[in-house]
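Participant: Predicted coordinates and the sequence they were generated for:
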Amino acid sequence: MQSPVNPSFRDSSVADDWEHALISGNGRQGALCHGSPDVLRFTLAHEDLFQPVTEPLPAPDTAAALPHLRELLAADRFRDTARAVCDIAVQEHPGYAETRWIDPLIGAGTLTFTPDHPGPGYERGTDFTTGVVRQTWAGVVADAFVSRAADVLVIRITGTGGTVAIGPIDGTPERPIDYTVDRSGDDLVLTGRFGGELWDGALDGWTVAVRVRRTERSVVIVARTATGTRTPADALAALPAADFGTLLGEHVPIHRDLSGRVALDLGGHPAQELFDAGRYTIISSTGTRPPTLQGVWSGTYAPPWRSGWTIDGNLQAALLAVHSTGTPELMPPLFDLLDAQLGDYRENARRLYGRPGLFIPAHLGTHGRQNHFGPIWCLTLWTTGAAWLARLYLEHWQHTGDREFLATRALPFLREAAAFHLEFAEIHDGRARFSPSYSPENDPGQTGDQATVDATLDVQAVAALLRGLLTITSILGVDDPDAVRWRSLLAALPPYRINDAGELAEWIDPRFPDNHEHRHCSHLYPFYYGGDPAFDDDPALRSAAVRAVRARLRWWLSEASDEMGYGLALLGVAAAHLGLAEEAYAALTRIGEAYWRSNRVPTHNRDHMFNVDLAGGYPALVVAMLLRSRDVGPDGVARVDLLPALPSAWPSGSVRGLVARGPVTIDLTWSPDAVKAVLKSDTNRTVELTHPRGATTVRLTAGDPRHLSL
């Protein structure tokens, strides 16, 4: 079987480097397809190919110094607090004298095809529905995809013969790598072996096996990257023997099932294509692990921030739309990664703070130890990583209704995350205090000092964690011995602060002035998800959140901003949650104009740095403008708002397959004259529904779609 290739976009630009390549991937392996009619290049990567560069160390043993650190913070000696941690670390191990990074995600090699017949008329495009990249010129067609079924890159070139070669990616690795290429007829095997002394658990190398088959009409290439070294014969023997059509026929239904869960029609508005491009990128880069900063693609030995997983917002943005767009199976790879590193997180909590529970570093890679920090980027002071990630467990349950997951995976993780904060938070005069604290990656008043007390995010994330635990135990009928302590800490959390400008403050402690000229907006965390009861109950607080969104957006829309587009997506999602349609649309417009290249892959800064966080954030922002849902509590009632932030630029449109918390699946069609919706639930459920024309209560029968004309 051969499925037709129908590129979702067409582009005539020639990509001289991997950052402008077209992408294909199955989550485990990625291919960057670039080059020209003179030579086609396919740069390969693998989700586990992190070069061992920096040996992991135990987190610094700063637990005994916690009282001193708190004294320094109380005395406004914020820079000294961060420096004190670094001094302790260096005294313990000289390796902390310089910043320690996680290991880099590197490219596995570049496969080249040099055609016998180059020519004019080059065009390229990617079919988002099949994952096939097509490049054409002068009667030549080159199709490539990474098979979900066979776990190989498959390439077919028709209209010309040519020469196939394989070699290392361009550049110089940080530590030596020994490369060999073995040839058997047309078949090739590249082997990379990491040099130097390796520590226990470090990867020793990898292979790229390439099989080439020629006919009168085509050249078919099948390649697989595998981590760990093996003999060339074994690497080649593991490749599938099927032909191109069979491999494509096995792959397409799996990919199309994921890509087709949601269909958006905005009448040709540019957001429609970028919505599809973003979903394609995240689907293609989620394998047994979640997407790294670069997804599952790398053409360098030194990716920005070493790629890996950054959990103070980046990874959360990348995964923000997987539930609402009907692909919940893309979330468990994150939980599997966290499970694999739980021992490190527990050790971090013990060594850094002498507390039980979990401390998850902002940067994760081949290990979970807190090794990356410094006197400015004082990341040992950010204690909220586990609490924020706990929200994703709740999101998974809210969008799937999976009670087994709730009992066996969500509840244990949330309990351990809460155990840390039960011991870490100080209670003074009935109010909890979080010292030290850190609001990712901001410095109050642009002082350059990031060590703080009582970041608003800390209170918000811990509150959501505790409320989630109380909800879970109620639903499961669990009488948890810590429930009294959860309620006690929840009641002791301080109220949110409104600053002198009437904005929701980023720090509850009034010593710390807001800094709106910043890429993060972590104090708007509740509005990325199901909200926060405090803002529903207090109009003044909600108004302060609106002012904070607008203040941060003014900077983003100015020429002064040029960084981290995913932060603008999160700001837009918060705006949409608050019903600010035009503000959300302004964020969406700036993202579309400044942060996407012609290969339909987003960048970290404006046209700078291949980065996939925004590929998840952009679809999440579109969804947030069309659908808002609140957390479902023990009563099982779903609270859903249709078109909460519909911009004037989208007077008509439709979307099929969105998923609200409940879960409730929703199809939606709107025009200036009418709104129509189809709601469906797998269980009997009451839905409290609001929409632009009013509100209604809908009772759903399990499995039966309910058609509404509003």
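Facilitator: Perfect, thanks for sending it.

Participant: From here on, just use CA atoms for contacts and neighbour counts.
Facilitator: OK.

Participant: how about the residue lying closest to L337 once chain neighbours are set aside, what does it touch?
Facilitator: Leaving aside its chain neighbours, L337 sits nearest to R289 (6.3 Å; criterion: Cα to Cα, 6 or more residues apart in numbering). Counting by Cα atoms under 8 Å, 6 or more residues apart in numbering, R289 touches 27-28, 47, 333-334, 336-337.

Participant: Can you tell me the element R289 falls in?
Facilitator: Using DSSP states H and E, R289 sits within no helix or strand.

Participant: mind checking how far it is from N26?
Facilitator: Look at R289 and N26: by Cα to Cα, to the nearest Å, they are 11 Å apart.

Participant: Please apply the same query to A505.
Facilitator: Distance of A505 to N26, given as Cα to Cα: 42 Å.

Participant: ok, these two, which is more surrounded?
Facilitator: Between A505 and N26, counting by other Cα atoms under 10 Å, N26 is the more crowded of the two (30 against 25).

Participant: Find the residue ranges of this protein scoring beneath the pLDDT cut-off.
Facilitator: Where the chain drops to pLDDT under 70, the residues are 1-3.

Participant: switch the cut-off to 90
Facilitator: Within the chain, the stretches with pLDDT under 90 are 1-5, 16, 195-197, 216, 445-446, 559-564, 693.

Participant: what about the longest helix in it?
Facilitator: Across the chain, the helix with the greatest residue count (assigned by DSSP state H) is helix 456-476.

Participant: tell me the secondary structure for the residue of the chain most remote from its centre?
Facilitator: Going by Cα atoms, centre = their mean, the residue of the chain most distant from its centre is E216, 44.2 Å out. Here E216 is recorded as coil under DSSP: H, G, I helix; E, B strand; the rest coil.

Participant: What does the residue most central in space within the chain show for phi and psi?
Facilitator: Nearest to the mean C-alpha position of the chain, by Cα atoms, centre = their mean, lies A318 at 2.3 Å. Here is the backbone geometry of A318 (degrees, to the nearest 10): phi -60, psi -30.

Participant: likewise E426?
Facilitator: Per degrees, to the nearest 10, the backbone of E426 is at phi -90, psi 140.

Participant: what helix or strand is P375 on?
Facilitator: Going by DSSP H and E, P375 is not in any helix or strand.

Participant: Likewise for A390?
Facilitator: Going by DSSP H and E, A390 is part of helix 385-400.

Participant: buried stuff in the next helix or strand after that helix?
Facilitator: Once helix 385-400 ends, the next helix or strand along the chain (criterion: DSSP H and E) is helix 403-405. Buried residues in helix 403-405, defined by neighbour count with 16 or more other Cα atoms under 10 Å: none.

Participant: Count the residues that sit near R217.
Facilitator: For R217, the count of nearby residues is 12 (other Cα under 10 Å).

Participant: And for A574?
Facilitator: Number of residues near A574 (other Cα under 10 Å) recorded here: 28.

Participant: Leaving aside the residues adjacent along the chain, what's closest to it?
Facilitator: Leaving aside its sequence neighbours, A574 sits nearest to F527 (Cα to Cα, 6+ apart; 4.7 Å).

Participant: my guess is the one you found meets H577, correct?
Facilitator: Yes. In this structure, F527 is within contact of H577 by Cα atoms under 8 Å, at 5.8 Å.

Participant: And those two? Which one has more around it.
Facilitator: H577 (27 against 23).

Participant: how much space is there between that one and P526?
Facilitator: Taking Cα to Cα, one finds H577 at 9 Å from P526.

Participant: Equivalent analysis for A464, please.
Facilitator: Taking Cα to Cα, one finds A464 at 8 Å from P526.

Participant: cool, V208 as well?
Facilitator: For V208, the distance to P526 - Cα to Cα - is 44 Å.

Participant: between those two, which one's more packed in?
Facilitator: V208 (27 against 19).

Participant: and the more buried one, what helix or strand is that in?
Facilitator: According to DSSP H and E, V208 maps onto strand 205-214.

Participant: repeat for I427
Facilitator: strand 426-428.

Participant: now that strand: how far from the chain's centre is it?
Facilitator: Strand 426-428 has its C-alpha centroid displaced from the chain centroid by 34 Å (Cα atoms, centre = their mean, to the nearest Å).

Participant: helices or strands next to it in the packing?
Facilitator: With contacts taken as 3 or more Cα pairs under 8 Å, 6 or more residues apart in numbering; DSSP states H and E, strand 426-428 sits against strand 431-433.

Participant: quick one: strands adjacent to the strand it packs on?
Facilitator: Sheet partners assigned to strand 431-433 using DSSP bridges are listed as strand 426-428 (antiparallel).

Participant: And the partner strand, what's buried?
Facilitator: Buried, per 16+ other Cα under 10 Å, within strand 426-428: E426.

Participant: now swap in stretch 289-300 and tell me
Facilitator: By 16+ other Cα under 10 Å, the buried positions in stretch 289-300 come out as 289-300.

Participant: Endpoint to endpoint, that stretch covers what distance?
Facilitator: Stretch 289-300 has an end-to-end distance of 20 Å (Cα to Cα).

Participant: Tell me how many other residues crowd the closest residue to D38 other than its chain neighbours.
Facilitator: Spatial nearest neighbour of D38, excluding adjacent residues (Cα to Cα, 6+ apart): P118 at 5.4 Å. Look at P118: counted by other Cα under 10 Å, it has 17 neighbours.

Participant: wait, is P118 part of a helix?
Facilitator: No. P118 is assigned coil when assessed by three-state DSSP, not a helix.

Participant: how close does it sit to T701?
Facilitator: Distance, P118 to T701, by Cα to Cα: 61 Å.

Participant: Equivalent analysis for L465, please.
Facilitator: Using Cα to Cα, one gets 31 Å for the distance from L465 to T701.

Participant: The two - which one has more neighbours?
Facilitator: Remark: of L465 and T701, L465 carries more neighbours, 25 against 15, as counted by other Cα under 10 Å.

Participant: May I have the residues that are in contact with that one?
Facilitator: 387-388, 390-391, 414, 418.

Participant: Among these, which pair sits farthest apart?
Facilitator: Within the contacts of L465, R391 and A418 form the most distant pair, 11.9 Å apart (Cα to Cα).

Participant: what sits against P60?
Facilitator: 85, 88-89, 92, 351-352, 370-371.

Participant: Please repeat the previous calculation with a cut-off of 7 Å.
Facilitator: The contact partners of P60, taken as Cα atoms under 7 Å, 6 or more residues apart in numbering, are 89, 351-352.

Participant: Would you reformat these as TSV and include neighbour count?
Facilitator: Below are the contacts of P60 laid out as TSV (neighbours: other Cα atoms under 10 Å):
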residue	neighbour count
A89	21
R351	19
L352	23
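
Participant: Among those, which ones are in helices?
Facilitator: Using DSSP H, the contacts of P60 in helices are 89, 351-352.

Participant: Return the set of buried residues in stretch 13-27.
Facilitator: Applying a neighbour-count criterion of 16+ other Cα under 10 Å, one finds 15, 18-27 buried in stretch 13-27.

Participant: What of stretch 473-490?
Facilitator: Buried, per 16+ other Cα under 10 Å, within stretch 473-490: 473, 475, 483, 486, 489-490.

Participant: just stretch 184-201 next, same as before
Facilitator: 187-194.
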